[in-house]
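**Student:** mind folding the following:
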Amino acid sequence: MKTIVSKLWRRLAGAAVLTALVAGCSTMNVGDAPNLPKTAAWAILPIANTTETPDAGQRAESIAQSILVQNGFTDLHRYVGDPDGGDSLVGGNNAQARMRALEWARKTGAKYALSGAVTEWRYKVGVDGEPVAGVTFDVIDVSNGSIVWSATGSRSGWSRSSLAGVGQTLIRNLLAPLAQR
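**Tutor:** Numbering: from 1, shown residues only. Okay, the predicted model is just below:
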């Protein structure tokens, strides 16, 4: 009997340590999503790139669009007005690009728009070279420009993980509350 209890405690302790390690790989703050219909017209606005990684914002836009479509958003449009979007190099004027994109969303009849920023998108320097992604999303009511929902998070992977995979997992988890509505 004592051996069985001892084995059970070791397994539980191992599971607790594993859970703590996995939980330490990501941090997210996600607001409760209001009732925003998936069937409404949605626009994906430029995602600002505040990193030193070229095109990180466009990568996040592409992943977010795919995840939203997979989760049943049926009337989704992506802004392509600025082919560069101020994203390729650090220091692009993201505020002006966002205003142009919001005006475009109004003209297309979108009810809601997804925007945000990529705060980290890189491999850590060092022997392990772990991938790290950080993203913030805002859902904007296009009619008045107010932010009706927001989420932010960061995630790191193991040395053999891909940066795209880490980013995709983070973005999927951040957008999950919108998909449940």
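
**Student:** so Met28 sits against Asn173, correct?
**Tutor:** Yes. Contact criterion C-beta atoms under 8 Å: Met28 and Asn173 qualify, at 6.3 Å. Where you see a C-beta, it was placed from the backbone N, CA and C, and this is true even at glycine.

**Student:** where does the chain dip in pLDDT?
**Tutor:** For the chain, the stretches flagged by pLDDT under 70 are 1-3, 5-24, 82-94, 181.

**Student:** the strands in it, which residues?
**Tutor:** 26-30, 41-49, 75-78, 112-123, 131-141, 146-156 (DSSP state E).

**Student:** which one of those is the most hemmed in?
**Tutor:** Among the strands of the chain, strand 41-49 has the highest mean neighbour count (mean count of other C-beta atoms under 10 Å), at a mean of 25.

**Student:** what's the overlap in contacts for Met28 and Asn173?
**Tutor:** Gly153 (C-beta atoms under 8 Å, 6 or more residues apart in numbering).

**Student:** export the strands of the chain as CSV, with columns for distance to Ala105.
**Tutor:** Output for these, formatted as CSV (distance: least, C-beta to C-beta, whole Å):
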stretch, distance to Ala105
strand 26-30, 23
strand 41-49, 4
strand 75-78, 8
strand 112-123, 5
strand 131-141, 8
strand 146-156, 13
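
**Student:** for Ser162, which of these is the nearest?
**Tutor:** Evaluated over these, closeness to Ser162 peaks at strand 131-141, with 6.5 Å, by C-beta to C-beta.

**Student:** same for the closest one, what does it pack against?
**Tutor:** Packing partners of strand 131-141 (3 or more C-beta pairs under 8 Å, 6 or more residues apart in numbering; DSSP states H and E): strand 112-123, strand 146-156, helix 163-179.

**Student:** for the ones you listed, which one sits closest to Val139?
**Tutor:** strand 146-156 (4.1 Å).

**Student:** run through who's touching the closest one.
**Tutor:** With C-beta under 8 Å, 6+ apart as the criterion, strand 146-156 contacts 25-31, 33-34, 36, 112, 119-120, 124, 130-141, 166-167, 169-170, 173-175, 177-178.

**Student:** pull up the pairing partners for that strand, direction included.
**Tutor:** strand 26-30 (antiparallel), strand 131-141 (antiparallel) (DSSP bridges).

**Student:** show me the contact partners of stretch 98-106.
**Tutor:** 43, 45-46, 48, 77, 79, 81-82, 113, 115, 140, 142-143, 145.
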